[in-house]
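[1] Based on what follows, work out the 3D shape:
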Amino acid sequence: MCTSLRAGVFRSPLPVPARSTGKPHRPEEPAIATAVLFDVDGTLVDSNYLHVHAWRRAFHALDRNVDSWRVHRAIGKGSGKLLSTLLGDEDAGRIGDEAKELHSRFYLETADLLRPFDRAPDLIRALADRGIRVVLATSAAPDELKELRRVLDVDDVVAGIVSGDDVEATKPDPEPVFAALEKAGTAPEETIFVGDAVWDVHAATKAGVRTVSVLSGGVGAGELTEAGAVAIYDDAAAILAGLNESVLIS
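    Now for the predicted structure:
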């Protein structure tokens, strides 16, 4: 159950621990955030459905039938984990490299369609103006990340960027979150992660970081709340509109 605070904003009465194997890092008492870690695809940039289409084209080219809704549910995982989820470990091992190459090619063909969500760059700049360190944490490959950075145009105010090439294990493993914490130079209890997928919530929870979720990636509020999100907004614009009352500030 979610409690509605106002239109477009939900907050869970009590955070629900993410379903994960292993013992998550337990944070100390939550503090006012001194850093905010942002997922990029589906959170700051309207790209999730371009990824779905690119993966579907890649699978079609390799004579693999994977339903689009299944692809969408795996978006947010690193590409290796996504392929294992959708194809199984054995088939992913056989065609994984080719599938990744095709996906990247098809995705970059649609780069002109990439756009930041409304007010997403403004949200990053508003946080930076308040002295909050902002780190981007994405599973994107370097060529994809280049396009994401181009459309966001916030490199001048972010404290760091973590990409898929910077870590060995991708979401829902917590390694990308730990890497982002290192870039931010903050403790987990002083940090908020903002993402659109349950995989973001799982990864952040394992690292002891609270998660604020957005609906802009296409995942429902109920599922995000059940995963453990402490607050849910429609999108980046809704976070910015309620920033002063949000867990990012207060």
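
[2] Every contact and neighbour count from this point should use C-alpha atoms.
    Will do.

[3] hang on, residue 86 packs against residue 69?
    No. Contact criterion C-alpha atoms under 8 Å: residue 86 and residue 69 do not qualify, at 10.9 Å.

[4] Please say which of those two ends up with more neighbours.
    More crowded of residue 86 and residue 69, by other C-alpha atoms under 10 Å: residue 86, with 17 against 9.

[5] Which residues are in contact with the residue nearest to residue 122 when sequence neighbours are not counted?
    Using C-alpha to C-alpha, 6 or more residues apart in numbering and skipping the chain neighbours, the partner closest in space to residue 122 is residue 240 (7.8 Å). Counting by C-alpha atoms under 8 Å, 6 or more residues apart in numbering, residue 240 makes contact with 119, 122, 123, 126.

[6] State the pLDDT value of the third one.
    On the pLDDT scale, residue 123 is placed at 98.

[7] and if you look at residue 167?
    Predicted confidence (pLDDT) for residue 167: 93.

[8] any idea how far residue 245 is from it?
    To residue 245, residue 167 is 34 Å away according to C-alpha to C-alpha, to the nearest Å.

[9] and if you look at residue 205?
    Taking C-alpha to C-alpha, one finds residue 205 at 22 Å from residue 245.

[10] who has more neighbours, these two?
    Per other C-alpha under 10 Å, whichever of residue 205 and residue 245 has more neighbours is residue 205, with 31 against 11.

[11] May I ask which helix or strand encompasses that one?
    Using DSSP states H and E, residue 205 falls within helix 198-206.

[12] State the phi and psi torsions of the residue most central in space within the chain.
    Nearest to the mean C-alpha position of the chain, by C-alpha atoms, centre = their mean, lies residue 39 at 3.3 Å. Backbone torsions of residue 39, given as degrees, to the nearest 10, read phi -60, psi 160.

[13] which ones are touching it?
    By C-alpha under 8 Å, 6+ apart, the neighbours of residue 39 are 136, 137, 138, 193, 194, 195, 196, 200.

[14] okay, now the residue nearest to residue 209 when sequence neighbours are not counted: neighbour count?
    Nearest residue to residue 209 in three dimensions, chain neighbours excluded: residue 188, at 4.9 Å (C-alpha to C-alpha, 6+ apart). Number of residues near residue 188 (other C-alpha under 10 Å) recorded here: 27.

[15] so residue 188 touches residue 211, yeah?
    No. Using C-alpha under 8 Å, residue 188 is not in contact with residue 211, being 10.9 Å away.

[16] can you list residues touching both of those two?
    With C-alpha under 8 Å, 6+ apart, residue 188 and residue 211 have no common neighbours.
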